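Participant: Below are the sequence and a predicted model for it; my questions follow.
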Amino acid sequence: AALAPPARERLAALRWFVVGKATAAKLGPLAAVAIGADAGSAAGLLPLITRDAARPAPQEQDQQDRHDQQDRQDQRLLFVCGNIRKDTLPNGLREGGLAFDEICVYCTIERTNVTVPRAFAGPCPAGAPRACVFFSPSGVRSLVASGSSAALDPAVALVAIGKTTAAALRESALAEGGQGQRTILVAPKPSPEGVVAILASLAPHGDAAGSASPADAPISRCDAALDE
(Lines give C-alpha, C1' and ligand atoms only; values in the text may rest on other atoms or scores of the structure.)
Protein backbone atom coordinates (compact mmCIF):
# COMPACT_ATOMS: atom_id res chain seq x y z
CA ALA A 1 0.00 0.00 0.00
CA ALA A 2 1.17 3.52 -0.77
CA LEU A 3 2.34 5.57 2.17
CA ALA A 4 0.56 8.77 3.09
CA PRO A 5 2.60 11.94 2.38
CA PRO A 6 3.32 12.68 6.09
CA ALA A 7 4.74 9.17 6.57
CA ARG A 8 6.85 9.43 3.43
CA GLU A 9 8.22 12.76 4.59
CA ARG A 10 9.19 11.36 7.99
CA LEU A 11 10.95 8.39 6.38
CA ALA A 12 12.72 10.60 3.85
CA ALA A 13 14.11 12.72 6.69
CA LEU A 14 15.89 9.72 8.20
CA ARG A 15 19.46 8.68 7.47
CA TRP A 16 19.53 5.22 5.90
CA PHE A 17 22.47 2.82 5.94
CA VAL A 18 22.61 0.02 3.37
CA VAL A 19 25.13 -2.63 2.30
CA GLY A 20 24.66 -2.50 -1.45
CA LYS A 21 23.40 -0.60 -4.46
CA ALA A 22 20.41 -2.91 -4.93
CA THR A 23 19.14 -2.13 -1.42
CA ALA A 24 19.72 1.58 -1.92
CA ALA A 25 17.78 1.45 -5.21
CA LYS A 26 14.86 -0.32 -3.53
CA LEU A 27 14.57 2.49 -1.00
CA GLY A 28 14.07 4.93 -3.84
CA PRO A 29 12.47 8.22 -2.79
CA LEU A 30 12.09 6.98 0.79
CA ALA A 31 15.78 7.63 1.40
CA ALA A 32 17.01 11.14 0.73
CA VAL A 33 20.34 10.02 2.20
CA ALA A 34 21.44 6.37 1.72
CA ILE A 35 24.93 5.66 3.03
CA GLY A 36 26.89 2.52 2.19
CA ALA A 37 25.80 1.65 -1.34
CA ASP A 38 29.38 0.55 -2.03
CA ALA A 39 30.01 -1.01 1.39
CA GLY A 40 29.24 -4.53 0.22
CA SER A 41 29.22 -6.10 3.67
CA ALA A 42 28.44 -5.45 7.32
CA ALA A 43 32.16 -5.06 8.03
CA GLY A 44 32.35 -2.38 5.34
CA LEU A 45 29.23 -0.60 6.56
CA LEU A 46 30.10 -0.46 10.27
CA PRO A 47 32.81 2.25 10.06
CA LEU A 48 30.48 4.38 7.93
CA ILE A 49 27.83 4.26 10.67
CA THR A 50 30.22 5.01 13.52
CA ARG A 51 31.94 7.75 11.55
CA ASP A 52 28.61 9.40 10.74
CA ALA A 53 27.51 9.30 14.39
CA ALA A 54 30.80 10.77 15.61
CA ARG A 55 31.12 13.48 12.98
CA PRO A 56 31.85 16.76 14.83
CA ALA A 57 30.05 19.96 14.05
CA PRO A 58 32.41 22.56 12.51
CA GLN A 59 32.72 25.88 14.32
CA GLU A 60 31.16 27.75 11.42
CA GLN A 61 27.93 25.73 11.50
CA ASP A 62 24.86 27.60 12.63
CA GLN A 63 22.81 26.72 15.68
CA GLN A 64 20.32 24.57 13.75
CA ASP A 65 23.15 22.45 12.33
CA ARG A 66 24.48 21.93 15.85
CA HIS A 67 21.05 20.77 16.98
CA ASP A 68 20.96 18.34 14.05
CA GLN A 69 24.37 17.01 15.07
CA GLN A 70 23.19 16.45 18.64
CA ASP A 71 20.04 14.74 17.36
CA ARG A 72 22.19 12.25 15.40
CA GLN A 73 24.18 11.43 18.51
CA ASP A 74 21.06 11.01 20.67
CA GLN A 75 18.96 8.98 18.24
CA ARG A 76 18.80 5.19 18.31
CA LEU A 77 19.45 3.11 15.23
CA LEU A 78 16.95 0.57 13.92
CA PHE A 79 18.79 -2.54 12.76
CA VAL A 80 16.57 -4.36 10.25
CA CYS A 81 17.84 -7.87 9.61
CA GLY A 82 17.12 -11.53 8.89
CA ASN A 83 17.12 -14.49 11.23
CA ILE A 84 20.65 -15.63 10.32
CA ARG A 85 22.37 -12.28 10.45
CA LYS A 86 25.99 -12.14 11.58
CA ASP A 87 27.12 -10.49 14.82
CA THR A 88 29.37 -8.01 12.99
CA LEU A 89 27.04 -5.00 13.15
CA PRO A 90 25.43 -5.56 16.57
CA ASN A 91 28.79 -6.15 18.25
CA GLY A 92 30.40 -3.24 16.44
CA LEU A 93 27.58 -0.86 17.36
CA ARG A 94 27.79 -1.86 21.02
CA GLU A 95 31.56 -1.42 21.04
CA GLY A 96 31.08 2.02 19.50
CA GLY A 97 28.58 2.98 22.20
CA LEU A 98 25.72 3.37 19.72
CA ALA A 99 22.21 2.54 20.94
CA PHE A 100 20.09 0.48 18.58
CA ASP A 101 16.97 -1.64 18.36
CA GLU A 102 16.92 -4.82 16.31
CA ILE A 103 13.99 -6.21 14.37
CA CYS A 104 13.99 -9.43 12.31
CA VAL A 105 11.89 -8.89 9.18
CA TYR A 106 12.56 -12.06 7.19
CA CYS A 107 13.63 -15.67 7.67
CA THR A 108 15.90 -17.69 5.41
CA ILE A 109 14.79 -21.29 4.90
CA GLU A 110 17.63 -23.39 3.55
CA ARG A 111 16.81 -26.18 1.12
CA THR A 112 18.26 -29.62 1.75
CA ASN A 113 17.12 -31.28 -1.47
CA VAL A 114 19.62 -29.68 -3.82
CA THR A 115 20.96 -31.90 -6.61
CA VAL A 116 24.19 -31.17 -8.49
CA PRO A 117 23.40 -30.84 -12.22
CA ARG A 118 24.87 -33.53 -14.45
CA ALA A 119 27.10 -30.99 -16.23
CA PHE A 120 28.93 -30.42 -12.92
CA ALA A 121 29.20 -34.02 -11.74
CA GLY A 122 31.77 -35.26 -14.24
CA PRO A 123 34.46 -34.15 -16.72
CA CYS A 124 33.37 -31.61 -19.30
CA PRO A 125 33.96 -33.07 -22.79
CA ALA A 126 34.30 -29.67 -24.43
CA GLY A 127 36.87 -28.53 -21.88
CA ALA A 128 34.86 -25.42 -21.08
CA PRO A 129 35.45 -23.81 -17.69
CA ARG A 130 32.72 -24.46 -15.17
CA ALA A 131 31.93 -22.52 -12.03
CA CYS A 132 29.63 -22.93 -9.07
CA VAL A 133 28.79 -19.44 -7.81
CA PHE A 134 27.76 -18.83 -4.21
CA PHE A 135 26.04 -15.61 -3.21
CA SER A 136 25.70 -16.36 0.49
CA PRO A 137 26.85 -18.72 3.26
CA SER A 138 23.29 -20.03 3.19
CA GLY A 139 23.87 -21.40 -0.29
CA VAL A 140 27.01 -23.16 0.91
CA ARG A 141 25.23 -24.74 3.87
CA SER A 142 22.28 -25.79 1.74
CA LEU A 143 24.42 -27.63 -0.81
CA VAL A 144 26.46 -29.37 1.87
CA ALA A 145 23.36 -30.32 3.89
CA SER A 146 21.82 -31.87 0.80
CA GLY A 147 24.62 -34.43 0.74
CA SER A 148 25.23 -33.86 -2.96
CA SER A 149 28.35 -31.70 -2.63
CA ALA A 150 30.54 -34.81 -2.96
CA ALA A 151 29.22 -35.25 -6.51
CA LEU A 152 30.69 -31.92 -7.59
CA ASP A 153 33.56 -32.49 -10.01
CA PRO A 154 36.89 -31.29 -8.48
CA ALA A 155 37.58 -29.31 -11.68
CA VAL A 156 34.58 -27.04 -11.08
CA ALA A 157 35.67 -23.62 -9.82
CA LEU A 158 34.07 -22.31 -6.64
CA VAL A 159 33.29 -18.61 -6.79
CA ALA A 160 32.18 -16.51 -3.80
CA ILE A 161 30.58 -13.07 -4.06
CA GLY A 162 32.37 -11.85 -0.94
CA LYS A 163 34.67 -12.64 1.97
CA THR A 164 31.95 -13.96 4.27
CA THR A 165 30.75 -16.46 1.69
CA ALA A 166 34.35 -17.40 0.87
CA ALA A 167 35.01 -18.12 4.55
CA ALA A 168 31.93 -20.38 4.66
CA LEU A 169 33.26 -22.25 1.61
CA ARG A 170 36.70 -22.75 3.15
CA GLU A 171 35.16 -24.13 6.34
CA SER A 172 32.83 -26.51 4.48
CA ALA A 173 33.22 -29.95 2.94
CA LEU A 174 33.18 -28.25 -0.46
CA ALA A 175 36.72 -27.00 0.11
CA GLU A 176 38.03 -30.56 -0.27
CA GLY A 177 38.44 -31.56 -3.91
CA GLY A 178 39.36 -34.93 -5.28
CA GLN A 179 43.08 -34.16 -5.06
CA GLY A 180 43.31 -31.80 -2.12
CA GLN A 181 42.03 -28.30 -1.43
CA ARG A 182 39.90 -26.63 -4.10
CA THR A 183 40.71 -23.16 -5.32
CA ILE A 184 38.13 -20.68 -4.08
CA LEU A 185 37.85 -17.46 -6.05
CA VAL A 186 36.44 -14.28 -4.50
CA ALA A 187 34.86 -11.47 -6.49
CA PRO A 188 36.96 -8.26 -6.40
CA LYS A 189 33.81 -6.44 -5.27
CA PRO A 190 30.81 -8.04 -3.54
CA SER A 191 28.48 -7.33 -6.44
CA PRO A 192 27.10 -9.07 -9.55
CA GLU A 193 29.65 -7.13 -11.59
CA GLY A 194 32.43 -8.51 -9.41
CA VAL A 195 31.21 -12.07 -9.99
CA VAL A 196 31.07 -11.47 -13.75
CA ALA A 197 34.70 -10.27 -13.64
CA ILE A 198 35.77 -13.53 -11.97
CA LEU A 199 33.82 -15.65 -14.46
CA ALA A 200 35.35 -13.73 -17.35
CA SER A 201 38.82 -14.51 -16.00
CA LEU A 202 37.98 -18.23 -16.14
CA ALA A 203 36.99 -18.13 -19.80
CA PRO A 204 39.57 -19.23 -22.37
CA HIS A 205 41.13 -16.40 -24.34
CA GLY A 206 41.37 -16.24 -28.09
CA ASP A 207 39.00 -17.65 -30.64
CA ALA A 208 40.92 -20.68 -31.83
CA ALA A 209 38.88 -23.57 -33.18
CA GLY A 210 37.40 -25.64 -30.44
CA SER A 211 37.75 -23.01 -27.70
CA ALA A 212 34.72 -22.33 -25.60
CA SER A 213 33.24 -18.88 -25.20
CA PRO A 214 32.07 -17.48 -21.85
CA ALA A 215 28.50 -18.13 -22.97
CA ASP A 216 29.35 -21.84 -23.38
CA ALA A 217 30.67 -22.21 -19.85
CA PRO A 218 28.18 -23.94 -17.54
CA ILE A 219 27.41 -21.85 -14.46
CA SER A 220 25.62 -23.11 -11.37
CA ARG A 221 24.20 -20.58 -8.93
CA CYS A 222 23.79 -21.41 -5.26
CA ASP A 223 22.18 -18.64 -3.26
CA ALA A 224 19.64 -17.73 -0.66
CA ALA A 225 19.24 -14.39 1.02
CA LEU A 226 22.40 -12.40 0.35
CA ASP A 227 23.84 -12.26 3.89
CA GLU A 228 27.25 -10.82 3.29
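Facilitator: Structure's in. What do you need?

Participant: going forward, measure contacts between C-alpha atoms and count neighbours the same way
Facilitator: Fine.

Participant: For the chain, give me the ranges with low pLDDT.
Facilitator: Applying pLDDT under 70 to the chain flags residues 1, 55-74, 124-129, 177-180, 204-228.

Participant: For it, just list every one of the strands.
Facilitator: 15-17, 33-35, 77-82, 100-106, 131-134, 157-160, 176-177, 180-181, 184-186, 219-222 (DSSP state E).

Participant: Determine which stretch of those is the most buried.
Facilitator: strand 157-160 (a mean of 23; mean count of other CA atoms under 10 Å).

Participant: Packing partners of that one?
Facilitator: When contacts are defined as 3 or more CA pairs under 8 Å, 6 or more residues apart in numbering; DSSP states H and E, strand 157-160 sits against strand 131-134, helix 163-170, strand 184-186, helix 192-202.

Participant: buried stuff in the longest one?
Facilitator: Under the neighbour-count criterion of 16 or more other CA atoms under 10 Å, helix 192-202 has 194-195, 198-199, 202 buried.

Participant: quick one: residue 189 from residue 89, how far?
Facilitator: 20 Å (CA to CA, to the nearest Å).

Participant: what's the burial count for the residue lying closest to residue 92 once chain neighbours are set aside?
Facilitator: Distance criterion CA to CA, 6 or more residues apart in numbering; nearest residue to residue 92, sequence neighbours excluded, is residue 46 at 6.8 Å. The number of residues packed near residue 46 is 22, by other CA atoms under 10 Å.

Participant: Residue 161: how many residues sit nearby?
Facilitator: Neighbours of residue 161 under the rule other CA under 10 Å: 28.

Participant: Verify the stated contact: it with residue 184.
Facilitator: No - here residue 161 does not reach residue 184: they are 10.7 Å apart, not a contact under CA atoms under 8 Å.

Participant: picking up where we left off before, for the strands of the chain, please prepare TSV with the additional fields distance to residue 93.
Facilitator: Formatted as TSV, those follow (distance: least, CA to CA, whole Å):
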stretch	distance to residue 93
strand 15-17	13
strand 33-35	16
strand 77-82	9
strand 100-106	8
strand 131-134	28
strand 157-160	27
strand 176-177	36
strand 180-181	36
strand 184-186	27
strand 219-222	31
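
Participant: So which of those is nearest residue 118?
Facilitator: In terms of CA to CA, the element of these nearest to residue 118 is strand 219-222, at 10.9 Å.

Participant: re the thing from before, and the strands of the chain: which comes nearest residue 146?
Facilitator: So among the strands of the chain, strand 219-222 is nearest, using CA to CA, at 12.2 Å.

Participant: Dump the helices and strands packed on strand 157-160 into JSON lines; add distance to residue 101 as well.
Facilitator: Listed next are these as JSON lines, based on distance: least, CA to CA, whole Å:
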{"stretch": "strand 131-134", "distance to residue 101": "30"}
{"stretch": "helix 163-170", "distance to residue 101": "24"}
{"stretch": "strand 184-186", "distance to residue 101": "33"}
{"stretch": "helix 192-202", "distance to residue 101": "31"}
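
Participant: Minimum distance to residue 27: which of the ones you listed has it?
Facilitator: Of all these, helix 192-202 sits nearest to residue 27, with 19.1 Å by CA to CA.

Participant: what's next to that closest one, contact-wise?
Facilitator: 129, 131, 159-161, 185-189, 214 (CA atoms under 8 Å, 6 or more residues apart in numbering).

Participant: circling back to that earlier point, list just the one of the strands of the chain that sits closest to residue 145.
Facilitator: That would be, of the strands of the chain and by CA to CA, strand 219-222, which comes in at 12.8 Å.

Participant: Helices of the chain, start to end?
Facilitator: Taking DSSP state H as the criterion, the chain carries its helices at 5-12, 21-27, 42-54, 63-74, 88-95, 137-145, 163-170, 192-202.
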